[in-house]
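K.L.:
when you get a sec, could you give me coordinates for this:
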Amino acid sequence: MALLVAAVAGCGGGGGAPPAHRLNVLATNFPLAQLVTNVGGDRVTVSDLSAGAADDRTVDPLPAQVAELHHAALVVEVGDGYQPEVEAAAGAGPGVLALLPRLGGVRPGHSAEFWLDPTAMRAATTIVAAALRAADPMGSQAYANGDNDFTAVLSTLDIDFQNTLSDCQHKVVFAPDDALVALAARYQLSLDVLAPAATPGAVARAATLIRDQSLTTVFSEPPVADPALAALAGDTHTKLLALDTMDGPPPPPEPAGYSYFNRMEGDLARLSTGLQCVSTNEP
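P.N.:
As a prediction, this is how the structure comes out:
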């Protein structure tokens, strides 16, 4: 994975001298900011509208941020109601790129957090690269290079997930919502959602399944409150591990200089540990 991180550092670099004035792009959360940065390289200046927010989904832009949304050359947002206040403030102009509708939207087998599936992130990368070329035709080759480089690294990440999760003692992932549904489907895991307001009957069913399958771990998803999962972990004497859905900052302790890739690697390590995979490494 060190080679993977090194490859990311070179993304978006080729294709001629950088422009005198970089393209101003506003991304509405951390994974999208990382995507645009890696594809755009030194032709773009990228701001993350949700930087510092505890939960990206509840961000309500301040007047200065609304002005940023209206003055950016390109706004890259999740779309489909993931950040309702942000989407309302951004509007639907030609400079606003909502990715979820372009990826098929939220439907069975999918989730708003498409960045947790490297294959969906690859598709989003190509869409963003096309939008950058349209906004800055002089940088077309640089954006094509960035698209190719970032897509190649995402493919490597996908292979790492496949290899690590292909041989695990357990395949059931208990979590408080459906953020992991696409990831689970991609890597042949079974997602079992125990919502924070789960009924006593649902909790009892989950406890029976955990005991029957000798599961050792259930997974929380900060910033989602999960009292039902926490109680389940205590009742069944299982470990509670926090997965990073990137809907907010990384779970504590927050690493310095974190990236999309090392956050994904952290999730892979936690899944591998919790599911008792052959190549288990503690995060």
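K.L.:
surely L180 is in contact with D192?
P.N.:
No - with contact defined as CB atoms under 8 Å, L180 does not reach D192; the gap is 10.3 Å. Every C-beta, even on glycine, is put in place using the N, C-alpha and C of the backbone.
K.L.:
now for these two: what residues contact both?
P.N.:
V173 (CB atoms under 8 Å, 6 or more residues apart in numbering).
K.L.:
settle it for me: which of those two has more neighbours?
P.N.:
Shown here are L180 and D192; by other CB atoms under 10 Å, L180 has more neighbours (25 against 17).
K.L.:
check the gap between the more buried one and G104 for me.
P.N.:
According to CB to CB, to the nearest Å, L180 and G104 sit 18 Å apart.
K.L.:
tell me where the stretch 1-150 of the chain has strands.
P.N.:
Assigned strands in the stretch 1-150 of the chain, in chain order: 23-27, 44-48, 74-77, 96-98 (criterion: DSSP state E, counting those that start in this stretch).
K.L.:
what are the pairing partners of the shortest one, and which direction each?
P.N.:
Translated: strand 96-98. The strands beside strand 96-98 in its sheet (DSSP bridges) come out as strand 74-77 (parallel).
K.L.:
rounded mean pLDDT for the strand it pairs with, please.
P.N.:
Average pLDDT, strand 74-77: 98.
K.L.:
circling back: closest one to P63 among the strands of the stretch 1-150 of the chain?
P.N.:
Among the strands of the stretch 1-150 of the chain, strand 23-27 comes nearest to P63, with 14.9 Å by CB to CB.
K.L.:
who does the closest one touch, helix- and strand-wise?
P.N.:
helix 30-40, strand 44-48, helix 63-71, strand 74-77, helix 118-135 (3 or more CB pairs under 8 Å, 6 or more residues apart in numbering; DSSP states H and E).
K.L.:
taking helix 63-71 as reference, get the angle to that strand.
P.N.:
120 degrees (axes from the mean of the first three to the mean of the last three CA atoms, to 10 degrees).
K.L.:
ok, and what's touching strand 23-27?
P.N.:
With CB under 8 Å, 6+ apart as the test, strand 23-27 has contacts from 33, 35-36, 40, 43-49, 68-69, 71-77, 132, 135-136, 139.
K.L.:
select only the buried ones of those residues in PyMOL?
P.N.:
Buried subset of the contacts of strand 23-27, written as a PyMOL selection, criterion 16 or more other CB atoms under 10 Å:
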select buried, resi 33+35+36+40+43+44+45+46+48+49+68+69+72+73+74+75+76+77+132+135+136+139
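K.L.:
tell me the first helix or strand C-terminal of the helix or strand containing A202.
P.N.:
Element membership of A202 [criterion: DSSP states H and E] is helix 200-213. Of the helices and strands lying after helix 200-213 in sequence (DSSP H and E), the nearest is strand 217-220.
K.L.:
what's the spacing between that following strand and its chain's center?
P.N.:
18 Å (CA atoms, centre = their mean, to the nearest Å).
K.L.:
that strand - contacts with which helices or strands?
P.N.:
On a contact count with 3+ CB pairs under 8 Å, 6+ apart, strand 217-220 meets strand 172-175, helix 227-236, strand 239-242, helix 260-274.
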